[in-house]
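J.: Build me a structure from this.
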Amino acid sequence: AIKVRSQAAVDQGKGAWQAVKGEFASLDPRGEGKLARLFEGYLSNIAYAFPADAAKFVVYDVLKKALGGKPKDPLKAAGLGAFASCSAQILSSPLDLARNRIMAAPGAKLNIPLVVSQVVKDEG
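T.: Next comes the predicted model:
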């Protein structure tokens, strides 16, 4: 969440160092509700990571079976893994977009279906 909010602050015209410094200053756990800010977007992160990783394994297994089993050549195995990762990223891009928007909007009560529907409505 810190990285995403810092990147969002840089996009809004702040310098990189100023954005990171501001994020860490705002995370003083002694303030009310500030410790919870560290975990904003955690559920959306899980909702993105689990399907993305599952898709990688499924695509890799399907390709492995289509080629007749586990490749003996490490370069072929790496190629299968790279293709599986690319495929999973393409499939999970909407979840990644929602996850980043949720983490970049601290304090907003957003969820993945809401963010995805807003993106479809506003940006096509």
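J.: tell me which residues in stretch 100-110 are buried?
T.: For stretch 100-110, the neighbour count (16 or more other C-beta atoms under 10 Å) marks N100, R101, I102, M103, A104, A105, P106, L110 as buried. Backbone N, C-alpha and C define where each C-beta goes, glycine included.
J.: Could you work out the most separated pair of those?
T.: N100 and P106 (12.7 Å; C-beta to C-beta).
J.: Any buried residues in the longest helix along the chain, and which?
T.: Across the chain, the longest stretch assigned as helix under DSSP state H is helix 74-104. For helix 74-104, a neighbour-count test (16+ other C-beta under 10 Å) marks 80, 84-85, 87-88, 91-92, 95, 97-104 as buried.
J.: what's the answer for stretch 114-124, then?
T.: V115.
J.: average model confidence for that stretch?
T.: For stretch 114-124, the mean per-residue pLDDT is 83.
J.: May I have that stretch as PDB, with CA atoms only?
T.: C-alpha atoms of stretch 114-124 as PDB (Å, rounded to 0.1, in the frame of the first residue of the first chain):
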ATOM      1  CA  LEU A 114     -17.400  -1.300  -7.400                       C
ATOM      2  CA  VAL A 115     -14.000  -0.200  -8.900                       C
ATOM      3  CA  VAL A 116     -14.300  -2.500 -11.900                       C
ATOM      4  CA  SER A 117     -17.900  -1.300 -12.600                       C
ATOM      5  CA  GLN A 118     -16.700   2.300 -12.300                       C
ATOM      6  CA  VAL A 119     -13.900   1.700 -14.700                       C
ATOM      7  CA  VAL A 120     -16.200   0.100 -17.300                       C
ATOM      8  CA  LYS A 121     -18.700   2.900 -17.000                       C
ATOM      9  CA  ASP A 122     -16.200   5.800 -17.000                       C
ATOM     10  CA  GLU A 123     -13.300   4.500 -19.100                       C
ATOM     11  CA  GLY A 124     -14.900   1.800 -21.300                       C
END
